[in-house]
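> fold the following, please.
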Amino acid sequence: MKAARLGTDGKVTICEVPLPVPAAGEALIQILQAGICNTDIEITSRGYKGFAGTIGHEFVGIVKELKAPSDGSSGHIQVGMRVVGEINCVPEGCGCRNYHERAQHPERAALGIFKRDGIFAEYATIPLINLHEVPQTLSDDQAMFAEPLAAACQILQQVHVQGSDRVAVVGTGKLGVLIAQALKTTGCSVT
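All right, here's what the predicted structure looks like:
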């Protein structure tokens, strides 16, 4: 299969790589669509923690194969489902119950950023716990915003914003615009 790989020399090349094989607790995902995030651009221009491998972390895909976790369950994810996914991956069976625990786990890896190949490829393997079904009412283009929108909404969990507050968002890129929209849901004044 083809993949966009960042080499140790900092150059991105499209090359043939073997089809990935899911480990226990993972799914093989056929990538339908991938988004280019500013993080991807920064990694290709400056590097990050010595990462070399397949880049990318924003995607919509179809589950093609499942490998059940060691406890035998596959949760709600099924073959044929259209999915998006979270970027922070942890070892199977580590006991993390939610996104926040995965994001802080000392052995975490991040799709296409460090310690784990990303999704700028025809197929990728993703932990089942990271996957979320895309409702049929959403197009692939709309679903592509799941990961950056989740990052924008996380601001509201980190900072208590009230309707009477005035908030400035510095940066007008995709994430800045999404953060401004998330902040507006509180009723605050956003500039």
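
> show me where the protein has its helices.
Here the chain has its helices, by DSSP state H, at 38-46, 99-104, 140-143, 146-158, 174-184.

> send the alpha carbons of the lowest-mean-pLDDT helix or strand in the chain over as CSV?
The weakest-scoring helix or strand in the chain, judged by mean pLDDT, DSSP states H and E, is helix 99-104 (a mean of 80). C-alpha atoms of helix 99-104 as CSV (Å, rounded to 0.1, in the frame of the first residue of the first chain):
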residue,chain,number,x,y,z
TYR,A,99,-9.4,10.3,26.7
HIS,A,100,-7.9,12.2,29.6
GLU,A,101,-6.2,9.2,31.0
ARG,A,102,-4.8,8.2,27.6
ALA,A,103,-3.5,11.7,27.0
GLN,A,104,-1.5,11.6,30.2
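
> one step back: worst average pLDDT in the helices of the chain?
Of all these, the minimum mean pLDDT falls on helix 99-104 (a mean of 80).

> could you say what helices and strands that one packs with?
Contact analysis of helix 99-104 by 3 or more Cβ pairs under 8 Å, 6 or more residues apart in numbering; DSSP states H and E lists strand 88-89 as its packing neighbours. (C-beta placed from N, C-alpha, C; glycine too.)
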